[in-house]
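1. this one's structure only:
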């Protein structure tokens with residue numbers, strides 16, 4: 001064999017040095033032709049031909065090191081004509097790079113996702129850890145400040161508290177009535193027990209809740225014991241409310257983040273997109289063939305945009321972008337993060353799903369397939385791949401920021417400033433005050449109407 005054709009889909013998170021591998025292939029290979037699909041990207045395409053200028057990546061660094069080793073050969077990087085990894089067609093043939101390996105037009109390619117269907121027409125050598133497909137959205141917005149006054153307790157706690165106060169007041173009233181009736185009946189007349197009205201019992205209950213003392217306490221032991229337990233309950237509730245209120249006023253709560261497909265479709269008016277080139281391979285199969293109704297809805301309603309277009313829509317709100325976590329992490333750190341590390345974007349935790357392992361692809365029967373497999377296994381077990389990956393991430397971010405002269409598109413909130421509580425934070429208390437005025441005015445009007453009706 002005097003020539004080996006290599007079809008390469010480059011990635012910005014790929015850095016490796018395969019000196020031992022190239023030494024083993026020196027007698028088999030005299031020229032390497034790499035055909036590239038621009039992805040993260042790891043090269044700069046030439047407008048005049050399919051040749052490209054390589055950039056630092058795990059694949060391209062492999063090949064640049066190859067030429068400096070004792071490998072007696074040369075290589076050229078080329079862009080894949082269809083700009084596609086490959087989808088299975090109706091006749092069983094594949095398009096893109098997988099199809100070229102299936103037809104043995106090329107001997108090998110770099111960076112391709114492993115799948116059972118592809119394994120039937122080509123061979124793989126696992127090279128890199130898999131990457132997660134994740135969701136990018138704006139950071140969760142702050143919750144409305146006018147609700148800060150009631151946010152220390154959940155809606156269930158508030159409902160339970162109101163119902164408990166009403167029930168406790170009625171219980172106190174019934175006990176007082178029963179005791180007065182029993183004592184008067186047994187004693188044969190009035191023994192001096194003062195009857196408790198419904199208004200008096202409710203006023204005592206609510207006064208205790210807001211920390212106010214009341215002289216309207218039952219004169220009998222049973223009523224006082226019941227009132228004492230209510231005061232203990234109010235002490236616990238008031239203490240918990242005050243401590244939680246301070247925390248909620250100083251550190252504002254946020255909306256729930258977008259971490260899954262279910263979160264996206266549950267938000268009214270929420271839209272999403274995927275980068276156009278990701279639908280030219282196994283990602284398309286994932287969305288189009290997935291049995292889950294949620295994934296099917298995501299696929300039907302998704303848009304196909306470039307990264308720049310998607311970022312503009314994300315900044316407008318109610319929008320998410322579905323892409324590779326490593327790729328978008330580099331972009332955000334390079335162009336949308338300030339010097340303090342603040343960014344307006346949120347990356348979903350863990351990703352929504354993980355692709356199978358990445359590897360290099362080979363035509364069936366390639367004699368050097370096992371050599372690559374063994375070499376990649378050595379690099380993975382020794383931890384070299386992870387080390388190179390971390391170094392490349394930092395290097396790529398630094399290079400991008402220097403090239404852009406730190407002209408970033410950053411819109412972050414000034415949450416690091418010293419917080420002073422103002423009307424914006426305490427507006428809920430004033431809303432309650434105005435509501436009390438309205439209720440009092442309504443009660444006054446009712447009393448006037450009732451009085452006029454009676455007289």
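-> Arrived safely, thanks for sending. Here the structure is a predicted model, which is why all the values come from computation and not from measurement.
2. what's the burial count for residue 242?
-> 11 (other Cβ atoms under 10 Å). Every C-beta, even on glycine, is put in place using the N, C-alpha and C of the backbone.
3. distance of it relative to residue 151?
-> For residue 242, the distance to residue 151 (Cβ to Cβ, to the nearest Å) stands at 13 Å.
4. what touches both of the two?
-> Residues touching both residue 242 and residue 151 (Cβ atoms under 8 Å, 6 or more residues apart in numbering): there are none.
5. ok now stretch 367-377, how far from the chain's centre?
-> Distance of stretch 367-377 from the chain centroid (Cα atoms, centre = their mean, to the nearest Å) equals 38 Å.
6. for it, buried residues please.
-> 368-369, 371-373, 375-376 (16 or more other Cβ atoms under 10 Å).
7. dig out what residue 347 forms beta bridges with.
-> When bridges are called by DSSP bridges, residue 347 pairs up with residue 136.
8. that one contacts residue 325, doesn't it?
-> Yes - counting by Cβ atoms under 8 Å, residue 325 is a contact partner of residue 347 at 6.6 Å.
9. how many neighbours does residue 334 have?
-> When counting by other Cβ under 10 Å, one arrives at 19 neighbours for residue 334.
10. A helix includes it, no?
-> Yes - under DSSP: H, G, I helix; E, B strand; the rest coil, residue 334 sits within a helix.
11. contact partners for the closest residue to it other than its chain neighbours?
-> Nearest residue to residue 334 in three dimensions, chain neighbours excluded: residue 400, at 3.5 Å (Cβ to Cβ, 6 or more residues apart in numbering). By Cβ under 8 Å, 6+ apart, the contact set of residue 400 is 330, 334-335.
12. again, only using 10 Å
-> Neighbour list for residue 400: 12, 330-331, 333-335 [criterion: Cβ atoms under 10 Å, 6 or more residues apart in numbering].
13. which of the residues you listed tops the neighbour count?
-> residue 12 (23 neighbours).
14. related to what we said a few turns ago, least confident pick among the buried residues of stretch 367-377?
-> Within these, the minimum per-residue pLDDT falls on residue 368 (79).
15. quick one: it from residue 290, how far?
-> According to Cβ to Cβ, residue 368 stands 36 Å off from residue 290.
16. what of residue 140?
-> Residue 140 is 27 Å from residue 290, by Cβ to Cβ.
17. just to revisit the earlier point, looking at the buried residues of stretch 367-377, which are in strands?
-> If you go by DSSP state E, the buried residues of stretch 367-377 have nothing in strands.
18. what is the nearest of those residues to residue 256?
-> The closest of the buried residues of stretch 367-377 to residue 256 turns out to be residue 376 (Cβ to Cβ; 40.7 Å).
19. quick check: buried residues in the host helix or strand of residue 264?
-> Assessed by DSSP states H and E, residue 264 sits inside helix 261-266. Using 16+ other Cβ under 10 Å as the test for burial, helix 261-266 gives 261, 263-264.
20. which residues are contacting the helix or strand just after that helix?
-> Next in sequence after helix 261-266, counting helices and strands by DSSP H and E, comes strand 271-275. Here strand 271-275 makes contact (Cβ under 10 Å, 6+ apart) with 39, 133, 135-137, 258, 261, 264-265, 283-284, 287, 298-299, 301-307, 309-310, 313-314, 316, 318-324, 327-328.
21. buried among those residues? Make that a ChimeraX selection.
-> Remark: buried members of these, expressed as a ChimeraX selection using 16+ other Cβ under 10 Å:
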select :39,133,135,136,137,258,261,264,283,284,287,298,299,302,305,307,310,313,314,319,320,321,322,323,324,327,328
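22. just the contacts of strand 271-275: which are in helices?
-> Among the contacts of strand 271-275, the members falling in helices (DSSP state H) are 261, 264-265, 283-284, 287, 298-299, 301, 307, 309-310, 313-314, 316, 327-328.
23. show me the shaky parts of the protein.
-> The chain contains residues with pLDDT under 70 at 1-79, 183-199, 213-220, 354, 404-426, 428-429, 455.
24. which residue is nearest the centroid of it?
-> Centroid-nearest residue in the chain: residue 348, 2.3 Å away (criterion: Cα atoms, centre = their mean).
25. got a list of what the residue nearest to that residue when sequence neighbours are not counted touches?
-> Leaving aside its chain neighbours, residue 348 sits nearest to residue 135 (4.1 Å; criterion: Cβ to Cβ, 6+ apart). Residues near residue 135 by Cβ under 10 Å, 6+ apart: 257-261, 263-264, 272, 320-323, 325, 328, 346-349, 351-352.
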